[in-house]
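1. Need the 3D shape of this:
(2 chains)
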There are 2 protein chains.
Amino acid sequence: MNINNKQYFNKIKSELNKLNLSNNPKELYEPIKYILKMKSKKIRPILSILSYKLKKNNWQEIVQYVIAIELFHNFTLIHDDIIDNATLRRGKQTIHNKWNDNIGILSGDLLMVIANKIFSDLPLRIMRKVLNRFNEIAIKVCEGQQYDMNYENEKLITEKQYINMIRLKTATLIGFSLELGGILSKMKDLDIKNLYQFGEFMGIGFQLQDDYLDVFGNRKFGKKIGGDILLNKKTYLLIKLLESTNEKEKIIINNWINNSNNPIQKIEAITNLMKDKNIDSITETVINNYFNKAFDYLKKIDIKNSQKNELIEFSKKLINRKN
Amino acid sequence: MNINNKQYFNKIKSELNKLNLSNNPKELYEPIKYILKMKSKKIRPILSILSYKLKKNNWQEIVQYVIAIELFHNFTLIHDDIIDNATLRRGKQTIHNKWNDNIGILSGDLLMVIANKIFSDLPLRIMRKVLNRFNEIAIKVCEGQQYDMNYENEKLITEKQYINMIRLKTATLIGFSLELGGILSKMKDLDIKNLYQFGEFMGIGFQLQDDYLDVFGNRKFGKKIGGDILLNKKTYLLIKLLESTNEKEKIIINNWINNSNNPIQKIEAITNLMKDKNIDSITETVINNYFNKAFDYLKKIDIKNSQKNELIEFSKKLINRKN
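-> Predicted coordinates:
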């Protein structure tokens, strides 16, 4: 992260601190303070700031609002972790694991309320636009999470279903992060739409990249490679693998799916099958296609190219990560 | 319910039907449709309508907004039922019981989003006022629910703690229901505050009445008497009973609390102890005090008395229920 991003990051952190959350009941507020202190790149509010800066310079004045996206994002993480039974988040105990499910439900609910409260302090005309879109996006996020839950119990899902699921669950909020900057800087409606599309396609690319790096990424900071394979997650890679294998190979894959005794061999076997079928390069191509589509929308935005550099640079940094 | 309330009730139902909820993913929307179809008196939106009618007649035009309170209320019910492990709600299976916890979490989340979405369609200046208060109230409701959870694990809680808990968890939303009608009809700020206080005190009275009727109410429609006693719920009655008993009596009560083999005898014994200590009449007095305080605030409102009749009549009907 270069010095500029650090500047945004620090300002976001200081606005989060300024929230001045109550201390009582502590069982409700401690989990919220705990998750907000976790290591996080704050990508979403940084994207809002950079998209705002396409048109205006006084970005410091909107950080108090864009942190609502980070709060909403954390609300989804808390509830998703309960739903997925996840024990760790960013290397720390998840809230429902450290406390319990009920506290997870309630502190998540409260985070969503606080996000709404922040947006309802926006200047009037902007507030309506932001809230209409925010609520639309929140509905999509819930729908995406439900599809994700549904697909866990299904043997086979299609590429189309998967892309739509990650679009709803993940990409719409990235889209909205960019859109928010555009609404706050009073961009033209068409440019605001283009910003959203830029973000949505980026978001799909990021999620596919997550899937890819879980298998083909560099080992770093003790991050496990193949975690998704061990958990039999229906990632893009597994869907493409099952699409391209014959009946015999499918049986082999399913045997591995039902085998939890040989984790190292399981990761190796599935990874090798993926390599045999070129799933790595197929996925790379698809990811690049989404990123290219995203940048097509950024190009359409009626702003001098030189103004776009910072957003482009930051996005490319996200795109080029290797773990 | 007289003919007028039926008119409000039907209009509320028809506006709920007009929400035109999506069908996909059905796992997410079916539970929402299921809970919205449950038998419910729709007290909160009716209170909003009647409070609006203190000043304006065209109540039909605001029903599309006040249903947001009913949606928010149902969101809290869904999540509370998960937290309390409740199997039945209004005589039907609770959502997490009929489906599962995860679906309960997610469909509750979505209901809260939809409530917000409805309010964000309000006329601009009113929207800010409504959303600011709505979010403040939602925070209090979460805090109240957390205190309720905390108190379940505590041996002794005070009357003051209990009243504050039900105020936050239940009464603030009744207060807001009345306040909302006042905001929508553009009443003076002071009168809006008085409406809120009227509702908050009514709400505390309603909850204490619930506690009272669970033990001393009329049997009707197979509704069980003494359910709270069986579940060892820390109701107002039990708190007052423990306050007024000596060490020997406390041991007897605690023995009953730890006894789940003789339900009929348990209810009888605790009820008789309550009667011995006049807990029934003590509670009746306290309830009436809250209702009287409530009506003091209604009197303060700067509106002709004749205009207040319908709201008074409806409130008295709620106050005088016997089961």
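
2. where along the stretch 201-323 of chain A do the helices fall?
-> A:227-230, A:236-243, A:247-257, A:263-276, A:279-300, A:305-319 (DSSP state H, counting those that start in this stretch).

3. Adding mean pLDDT, mean neighbour count and distance to chain B as columns, could you present the ones you listed in CSV?
-> Any C-beta I mention is one placed from the backbone N, CA and C, and that applies to glycine too. Formatted as CSV, the helices of the stretch 201-323 of chain A follow (pLDDT from 0 to 100; neighbours: other Cβ atoms under 10 Å in any protein chain shown; distance: least, Cβ to the nearest Cβ, whole Å):
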stretch, mean pLDDT, mean neighbour count, distance to chain B
helix A:227-230, 90, 18, 20
helix A:236-243, 96, 20, 18
helix A:247-257, 92, 13, 22
helix A:263-276, 94, 15, 26
helix A:279-300, 97, 17, 23
helix A:305-319, 95, 15, 27
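
4. Spell out which parts of chain A neighbour chain B.
-> With Cβ under 8 Å from any Cβ of the partner chain as the criterion, chain A comes near chain B at residues A:22, A:24-25, A:27-28, A:79, A:82-83, A:101-103, A:105-106, A:108-110, A:112-114, A:116-117, A:120-121, A:124-125, A:127-128, A:131-132, A:135-136, A:138-139, A:142-143, A:145-147, A:149-150.

5. hmm, which of these are the buried ones?
-> A:25, A:27-28, A:79, A:82-83, A:101-103, A:105-106, A:108-110, A:112-114, A:116-117, A:120, A:127-128, A:131, A:135, A:138-139, A:142-143, A:145-147, A:149-150 (16 or more other Cβ atoms under 10 Å in any protein chain shown).

6. Following the chain onward from the host helix or strand of residue A:5, which element is next?
-> Assigned by DSSP states H and E, residue A:5 belongs to helix A:3-17. Remark: after helix A:3-17, the chain's next helix or strand is helix A:26-37, criterion DSSP H and E.

7. What residues of that next one count as buried?
-> Buried-residue list, helix A:26-37, by 16+ other Cβ under 10 Å: A:27-32, A:35-36.

8. Closest one to chain B out of those, please.
-> residue A:28 (4.1 Å; Cβ to the nearest Cβ).

9. could you say what helices and strands the helix or strand harbouring residue A:112 packs with?
-> Assigned by DSSP H and E, residue A:112 belongs to helix A:101-119. Where contact means 3 or more Cβ pairs under 8 Å, 6 or more residues apart in numbering or on different chains; DSSP states H and E, helix A:101-119 is packed against helix A:26-37, helix A:63-84, helix A:95-98, helix A:124-152, helix B:63-84, helix B:101-119, helix B:124-152.

10. With respect to residue A:274, which of those helices lies nearest?
-> Nearest to residue A:274 among the helices and strands packed on helix A:101-119 is helix A:124-152 (19.5 Å), distances taken as Cβ to Cβ.

11. For that closest one, the averaged confidence score.
-> Throughout helix A:124-152, pLDDT has a mean value of 96.

12. buried stuff in whatever helix or strand comes next after that helix?
-> The helix or strand immediately downstream of helix A:124-152 is helix A:159-166, counting by DSSP H and E. Buried residues in helix A:159-166, counted by 16+ other Cβ under 10 Å: A:162-166.

13. contacts for helix A:159-166?
-> Contact with helix A:159-166 is made by A:144, A:147-148, A:151, A:203-204, A:207-208, A:234, A:236, A:239-240, A:243, as judged by Cβ atoms under 8 Å, 6 or more residues apart in numbering or on different chains.

14. Just flag the most distant two among the residues you listed.
-> Longest distance between any two of the contacts of helix A:159-166 is 23.0 Å, between A:203 and A:243; criterion Cβ to Cβ.

15. can you put the helices and strands packed on helix A:101-119 in JSON lines and add distance to residue A:5?
-> As requested, the helices and strands packed on helix A:101-119 are exported to JSON lines (distance: least, Cβ to Cβ, whole Å):
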{"stretch": "helix A:26-37", "distance to residue A:5": "19"}
{"stretch": "helix A:63-84", "distance to residue A:5": "13"}
{"stretch": "helix A:95-98", "distance to residue A:5": "27"}
{"stretch": "helix A:124-152", "distance to residue A:5": "24"}
{"stretch": "helix B:63-84", "distance to residue A:5": "37"}
{"stretch": "helix B:101-119", "distance to residue A:5": "31"}
{"stretch": "helix B:124-152", "distance to residue A:5": "31"}
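
16. just so I know, which of those lies nearest residue B:218?
-> Residue B:218 lies closest, by Cβ to Cβ, to one member of those: helix B:63-84, at 24.6 Å.

17. need the contact list for residue A:148.
-> So residue A:148 contacts A:165, A:169 (Cβ under 8 Å, 6+ apart).

18. nope, residue A:92 is what I was after
-> Contacts for residue A:92 were tallied using Cβ under 8 Å, 6+ apart; they are A:38, A:98.

19. Show me what it bridges to in the sheet.
-> Note on residue A:92: beta-bridge partners by DSSP bridges are residue A:89.

20. so how far is chain B from it?
-> 21 Å (Cβ to the nearest Cβ, to the nearest Å).

21. pLDDT wise, what is that residue at?
-> Predicted confidence (pLDDT) for residue A:92: 95.
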